[in-house]
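Asks: Curious how this folds, go ahead:
(chains A, B, C and D)
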2 protein chains.
Amino acid sequence: MNFSAKTEYGVRLMVELGRQYGGSPTSLKAISEAEGLPLSYLEHVVADLKRAGLVEATRGARGGYRLERPPTKIGMDDVVMALEGTLAPMDCFVSLPTQRVNCSHEVDRGHACATKLLWTRVQGGVVRALKGTTLAELVEFSESHAPVAAA
Amino acid sequence: MNFSAKTEYGVRLMVELGRQYGGSPTSLKAISEAEGLPLSYLEHVVADLKRAGLVEATRGARGGYRLERPPTKIGMDDVVMALEGTLAPMDCFVSLPTQRVNCSHEVDRGHACATKLLWTRVQGGVVRALKGTTLAELVEFSESHAPVAAA
DNA sequence: CCCTATCCGACCTGGCTGGTAGGATTTAGC
DNA sequence: GCTAAATCCTACCAGCCAGGTCGGATAGGG
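Replies: Modelled structure (predicted):
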């Protein structure tokens, strides 16, 4: 069970933007330097976030990115979903837009696949944990634990 | 976020063994045929389960595998952990044997990595979901949903 | 205009996952 | 004791894709 590094980067990026919320847009360059992440890769990451409507861009000089909504209104489930594409713990586990989750090898032979029950519960646990955490919390957490705020 | 196919196979295998609990050992061949999984790969899978003390083997003709404990005493966290190796949602997220979980880039620059809070919660959710599910439940589920028990 | 940004798509590559192969060892049944 | 049916063990392989790079187009501020 592993979230991708892309997701880690994306979350870090969002936290960084959350920290600047209300101010002028933050450039990717600044973020990449602050977090020590490859700039060119961050472009892809932020593209996902933008597509999901979590972030808005200002082009041109002195441009950059800003959050679309206040950090308190951003659930981490949205963020992770945008980056990860899905929250299914198993490939066969597709949750159609309007439907409930369902496993592709539903009743593939005699008996329904038992793993379905398990993955449903796991997914539930993950989603609950993510939904119950807002970006604002992470921002606050990172700030309260900052040891020496830039010497 | 994805569990490996190996884990899926392993869980299916355990369910199959759970179904036979109390009887004579079940051979991998039988399981591979029942579940439509490659026999030679199952050998690797079952090796993990054995190493974790979940399953015991009888060698030789008419041999096979049996559960070490009754299905009601087997939490799915043990099973998945044995197969997956770890339940950390991020690579940097190592839980040392005797210690608490901790992220390798702890206080890697100015501020503690905020993602730690998030991954801790997610992991908690997953572990809770797994721990709260026993193999017995899955066995029962798969049996109760069996439509036509072998025509 | 020029510098700084976002934007966009093509491309590359190492490692990991899922799977195979082959042989050694153990044991039940005849 | 042979043989067949199993587990066991180790080495190998192939494809996929995550993570990362690059080049260039577009947009906007000073």
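Asks: and stretch A:54-73, how far out from the chain's middle?
Replies: Here stretch A:54-73 is found 15 Å from its chain centre; the criterion is Cα atoms, centre = their mean, to the nearest Å.
Asks: List the contacts of that stretch.
Replies: Residues from elsewhere that reach stretch A:54-73 (Cβ atoms under 8 Å, 6 or more residues apart in numbering or on different chains): A:14, A:17-18, A:20-21, A:24-28, A:30, A:46, A:49-50, A:53, A:74, A:78-79, A:82, A:134-136, A:139. Using the backbone N, CA and C atoms, a C-beta is placed for each residue, glycine as well.
Asks: Just the buried ones from these?
Replies: By neighbour count, with 16 or more other Cβ atoms under 10 Å in any protein chain shown, the contacts of stretch A:54-73 hold A:14, A:17-18, A:20-21, A:25-28, A:46, A:49, A:74, A:78-79, A:82, A:134-136, A:139 as buried.
Asks: and the closest residue to DNA strand D within chain A, how many neighbours?
Replies: Per Cβ to the nearest atom of the strand, the residue of chain A with the smallest distance to DNA strand D is A:Gly60, at 2.3 Å. Counted by other Cβ atoms under 10 Å in any protein chain shown, the residues lying close to A:Gly60 total 6.
Asks: Tell me how far it lies from A:Leu13.
Replies: 20 Å (Cβ to Cβ, to the nearest Å).
Asks: give me the element A:Val46 is part of.
Replies: helix A:39-51 (DSSP states H and E).
Asks: Report whether that helix contacts chain B.
Replies: No. Helix A:39-51 lies apart from chain B when judged by Cβ under 8 Å from any Cβ of the partner chain; the minimum separation is 13.5 Å.
Asks: quick one: buried residues of that helix?
Replies: With burial defined by 16+ other Cβ under 10 Å, the residues of helix A:39-51 counted as buried are A:Leu42, A:Val45, A:Val46, A:Asp48, A:Leu49.
Asks: How far does that helix sit from its chain's centre?
Replies: 12 Å.
Asks: Quick one: list the elements packing against it.
Replies: Judged by 3 or more Cβ pairs under 8 Å, 6 or more residues apart in numbering or on different chains; DSSP states H and E, helix A:39-51 is in contact with helix A:5-19, helix A:28-35, strand A:55-58, helix A:76-84.
Asks: List of residues touching it?
Replies: Helix A:39-51 is touched from outside by A:6, A:9-10, A:13-14, A:28-29, A:31-32, A:55-57, A:65, A:79, A:82-83, with contacts defined as Cβ under 8 Å, 6+ apart.
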